[in-house]
Every structure is written in C-alpha cells, then in structure tokens.
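Student: Next come a sequence and a model predicted from it.
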Amino acid sequence: MGADPLSTPDRRLAPYAENVAASRGRLVPEPISRTRTAFARDRDRIIHCTAFRRLKEKTQVFVAHEGDHYRTRLTHSLEVAQIARSLAHALKLDVDLAETVALAHDLGHPPFGHAGEDELQVRMAPFGGFDHNVQTFRVVTKLEERYPAFKGLNLSWETVEGVIKHNGPIAHRLDEPAWAPIREYHRQWDVEPAGFASLEAQAAAIADDIAYNNHDVDDGVQAGLLSLAELETVPLIGPQLLATRRDWPDCDDRMVRLEAVRRMIGVMVEDVLAETEARLASDGIVTVDDVRAARRTLVSFSPAMLADLAVLRKHLFERMYRHYRVNRTRSQARRILAEMFQLFMAEPEVMPPEWSDKALGGDESRKARAVCDYIAGMTDRYAIEEHKRLFSLDLALDL
C-alpha cells in the first residue's frame, strides 16, 4: 500500500495560496500565538463564540426540533468545513483559512433558515435592510463581545475578507443600504471590494454548494418528501443510486441512500478540482495578487456540472423546498418573527436589558437594528419559547 498523502511531510503550499506568515494582520494588533497560526487562531475564535454554538438549533431546511438526524446550521457548517479542507488540501492551499471561512459563513443566519431571513428583510426594509452575509460580518466584527480589548473577534484581514467576499467581489453592493456596515468598515480597513477573495475563501463557498445539495437530498429522503425511485431519473444523484444498487444489490434503501450521497459528494469534489486546476492554468494564475485580480471565479464547477446541478436544484425546489409541510413551517416561522418584531418595536422595554438598552434613546432605525440583532441571534427553539412567553396570556399570568 502507498503512503497516506495526508501523512507525508511535504506540504509546501502553491504560490497562489495565502501565506499566513504574510498576513495583513488584525485591525487591533495582538501578540503572535506560540501554538497556532493566525488563521488557526481565527478558526478557534469562531468555534468558541456564542453565535457558533447557537447554530446547533438553527434551521437548515427542517426546524431544528423536528428530528434529531436532520442537518442544522451547525452540522451543515461542520460538513462545509470538512469539504473545504479537502479541496484546500488537494489544491495545496492553506487548509486552516479555508476551514475558518467555512465555519464562519452562516453565523449571521437568523432562526428558521431562509424563512427567517425573508421576514427580517421585509421588517428591516425601512431601516437599512437585512442580509445574512452582512449579519455574519457584524457578528465577527461587532456583536460578539468576548474580549476586553475590542468588540467582535478581531479576526485576520484574510478571514474577514473571506467572510465578506467568498461569493465574489462586492463593489457593486456597497451602495445597498444593508451593506452600509461593510462600507463603513472598508473606510477603516481596505477590503478591496472590486477584487476576488482568496482561493481558500472560494473553496469554502463552493464547499457550501456541495454540502447543501447533497445533504438536502439525504434529509429530504429521510423526511419522506423525496423517494429514491423518483431520484433515479435526476442528474447527479440518479447515476449514483443506480451504480450503488448495481455494486451492492443486497443493500437496503438506507444504505443505498448513504452510499449514493457519499459518491455524489466525491463526483462534485473531483469536478471542482479538475475545473479549478484548468482555470488556474488557462488564466495564468501564479500569485495571490493574480487571484484577487482575476476576471472570474477560479474555484468552480464545470459547465456540465452546473447544468446537472440546475436540474437537481429545480427538482429539490419543486418537491422539497416548497412541499406543503415545509411551507407550513415557513409560514409559522415568519408569523413568529413578524409578531415579535412588531411587539419589540412598540415596546422595546420587554426585551432583555442588554437589547432594550441598545434600542432605547435613539431613532427608529437604531431601535429596529437592535430588535433585528436580538431576533437574528435567536435559535429556533428560543424564538418559539420567547414567542410563547410574550403572547400566551396564561404564561404571562403565571409570571
């Protein structure tokens, strides 16, 4: 047997990988850690922060309390980080930075997944808007209060850039009201909004796509919203189901599902590696500066994979994301957040003191932002319980 490539001592990074020794540092200078690189230290700060722990009970597709085996934002983030590390390793990038951006990418998601985000966007439209990516940025630069010397986590420039720009350049978005916090931060510390983020951040972004497409299939079948039979005709998952049944004819449906999803992840990872290596070569990418000045995203699916993904996503949208059971949950979730938002705006003093203090003594926009931050930080379970405490008269009379 050959040596395990992960155990070989030669881990020299590619010239277009981020060099942690050349990091642009932190907004508030800190002593260098003896035990961790700057990017590993960023990763650890994210893992230890309150917003990361709350992801354990925030919706991916199914509300967190609906079943123990469905993905939550936390398990999704861990799966994205694993795929991002694998891509970074294969491309000879900094695996710590890729993992860090992956772990951070959903910190700003409100309770109840996209239903919660949709409702906060509606409620915050008159007050500067809401965007979960911007909220993630605000979490790591302001809302987390864990250190006496600064607000936020004081992450490295490269990590903050990855959080902001993992989906591509942002110069065209800085005039949007919801992006005002990043516009203000950019005046303090240039985030190079017209350029692409590092390859590590791009790896984290595409790892997100790989993870949710595969694991939504897995969760959808477990929930009974999708069947293996119908999926056999759908691109990507269909060929893997048929190949698994051919290779393992005696396996039950559960094992067939798990094996097919595992294989689909492998197919998508290999496609990304091949397409990315081709783009790096054809675009003449040699340095980190070349990455930021590139004319297109470099870590990408092939055109054929993108076509297959479009068909798979269409099927998931029609059969799963808009299934009446999911729609009912979305409807309930939006009503919970809408009613709490309205109440907190009318009576901010019913919020806990750390939030009511921020809401009082300012204009309506400042109050709305405090209300939004309080709601966005809630877990699914906390939001449901808080709504009951606020709107159930029986509970109120028992206080």
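Tutor: Now that the structure is in, tell me what you want to look at. Quantities reported herein were computed from a predicted structural model and do not represent experimental measurements.
Student: helices or strands next to the longest helix seen in the chain in the packing?
Tutor: The residue-count maximum for a helix in the chain (DSSP state H) belongs to helix 253-282. Contacts defined by 3 or more C-beta pairs under 8 Å, 6 or more residues apart in numbering; DSSP states H and E place helix 253-282 against helix 73-90, helix 199-222, helix 228-231, helix 237-247, helix 303-316. The C-beta positions use only the backbone N, C-alpha and C, and glycine is treated the same way.
Student: Past that helix, which element shows up next along the chain?
Tutor: helix 288-292 (DSSP states H and E).
Student: Kindly export that next one (C-alpha atoms) in CSV.
Tutor: Output of helix 288-292 as CSV, limited to C-alpha atoms (Å, rounded to 0.1, in the frame of the first residue of the first chain):
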residue,chain,number,x,y,z
VAL,A,288,-2.2,35.7,-4.6
ASP,A,289,-2.4,39.0,-6.4
ASP,A,290,-3.3,37.2,-9.6
VAL,A,291,-6.2,35.5,-7.7
ARG,A,292,-7.6,38.9,-6.5
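Student: For it, buried residues please.
Tutor: Val288, Asp290, Val291, Arg292 (16 or more other C-beta atoms under 10 Å).
Student: same thing with stretch 146-165?
Tutor: By neighbour count on 16+ other C-beta under 10 Å, the buried set for stretch 146-165 is 152-165.
Student: Dump these to CSV, plus secondary structure, distance to Asp253 and pLDDT.
Tutor: CSV is the format used below for these (DSSP: H, G, I helix; E, B strand; the rest coil; distance: C-beta to C-beta, whole Å; pLDDT from 0 to 100):
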residue, secondary structure, distance to Asp253, pLDDT
Gly152, strand, 47, 97
Leu153, coil, 44, 98
Asn154, coil, 49, 98
Leu155, coil, 44, 98
Ser156, strand, 46, 98
Trp157, helix, 48, 98
Glu158, helix, 44, 98
Thr159, helix, 42, 98
Val160, helix, 45, 98
Glu161, helix, 44, 98
Gly162, helix, 39, 98
Val163, helix, 39, 97
Ile164, helix, 42, 97
Lys165, helix, 42, 97
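Student: Out of those, which is nearest to Met351?
Tutor: Among those, Gly152 lies closest to Met351 (C-beta to C-beta), at 21.6 Å.
Student: mind listing what Ile83 touches?
Tutor: Ile83 sits next to Ala102, Ala207, Ile210, Ala211, Ile265, Val269 when contact means C-beta atoms under 8 Å, 6 or more residues apart in numbering.
Student: Relative to Asp94, which of those is nearest.
Tutor: Ala102 (12.5 Å).
Student: what about dumping the CA coordinates of the helix or strand that contains that closest one to CSV?
Tutor: With secondary structure defined by DSSP H and E, Ala102 is part of helix 95-104. The C-alpha coordinates for helix 95-104 follow below in CSV (Å, rounded to 0.1, in the frame of the first residue of the first chain):
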residue,chain,number,x,y,z
VAL,A,95,-6.4,24.5,4.9
ASP,A,96,-6.8,26.5,8.2
LEU,A,97,-8.1,29.5,6.3
ALA,A,98,-10.5,27.5,4.1
GLU,A,99,-11.9,25.8,7.2
THR,A,100,-12.2,29.1,9.1
VAL,A,101,-14.2,30.8,6.4
ALA,A,102,-16.4,27.7,6.1
LEU,A,103,-17.1,27.6,9.8
ALA,A,104,-18.0,31.3,9.9
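Student: what's it packed up against?
Tutor: Where contact means 3+ C-beta pairs under 8 Å, 6+ apart, helix 95-104 is packed against helix 38-48, helix 73-90, helix 157-165, helix 199-222.
Student: Skip ahead from that helix and say which helix or strand is next.
Tutor: Using DSSP H and E, the helix or strand that follows helix 95-104 in sequence is helix 113-124.
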